[in-house]
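Undergrad: build me a model:
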Amino acid sequence: MKLKTWLSMDSPKRKNKPGEDPQEKVGLMGWSLLDTDQVDDVLESDTCEETHLYVLVHGFNSKADHLKYLADHLRNRLGPSALVHAAKCNEARIANPFMHPTHDGIDTGGERLAAEVREVVKRHPALKFISFIGNSMGGLFARYALGLLFDSNTGARCSR
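TA: Coordinates of the predicted model:
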């Protein structure tokens with residue numbers, strides 16, 4: 001399946017639900033795993049399946065628990081169609097600030113993140129969208145992982 005559309009919560013493709021305040025939308029970017037004509041159907045449906053993966057990526061010398069408040073807020077705000085995943089692949093296994101996995105470099109951290117995202121996607125076959133939210137260095141890991149997950153030559157994305 002080829003990459004068809006970039007989508008954000010304030011995209012013209014996304015329709016406001018009755019009573020929803022357009023000013024309170026979370027502005028996130030991600031890619032669609034659907035063809036363009038399928039996007040409207042998913043956005044209009046009232047499905048309870050998790051169709052949108054939000055990957056939270058912590059920054060330098062940090063851990064996924066530091067994003068717990070944001071993860072909880074997103075889950076409450078976005079409802080049952082949102083799968084919020086705080087990435088743990090770049091967390092320290094032992095409490096040593098001099099031996100933290102974030103010291104390994106953007107490429108190594110991004111490769112670990114891409115592998116973790118692939119595993120999450122495999123476990124949740126109903127996913128249609130993926131968005132990344134990176135805090136500080138986590139944004140760099142996310143950008144690197146996006147490059148690994150998407151092949152612009154073939155249009156392949158995050159294989160299931």
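Undergrad: what are the ranges of the helices in this protein?
TA: 36-44, 68-78, 106-123, 137-149 (DSSP state H).
Undergrad: which one of those has the most crowded surroundings?
TA: Greatest average neighbour count among the helices of the chain goes to helix 137-149 (a mean of 21), per mean count of other Cβ atoms under 10 Å. For every residue, glycine as well, the C-beta is placed using N, CA and C.
Undergrad: who are the packing partners of that one?
TA: strand 52-57, helix 106-123, strand 129-134 (3 or more Cβ pairs under 8 Å, 6 or more residues apart in numbering; DSSP states H and E).
Undergrad: for that helix, which outside residues touch it?
TA: Identification of contacts with helix 137-149 by Cβ atoms under 8 Å, 6 or more residues apart in numbering yields 55-60, 62, 87, 90, 102, 106-107, 109-111, 113-114, 117-118, 130, 132-134, 157-158.
Undergrad: give the contact list for His73.
TA: By Cβ under 8 Å, 6+ apart, His73 has no neighbours at all.
Undergrad: which among the helices and strands packed on helix 137-149 is found nearest to Asn153?
TA: helix 106-123 (16.9 Å; Cβ to Cβ).
Undergrad: would CSV of the helices of the chain with distance to Thr51 and mean pLDDT be doable?
TA: Converted to CSV, these look like this (distance: least, Cβ to Cβ, whole Å; pLDDT from 0 to 100):
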stretch, distance to Thr51, mean pLDDT
helix 36-44, 6, 49
helix 68-78, 11, 96
helix 106-123, 12, 97
helix 137-149, 18, 96
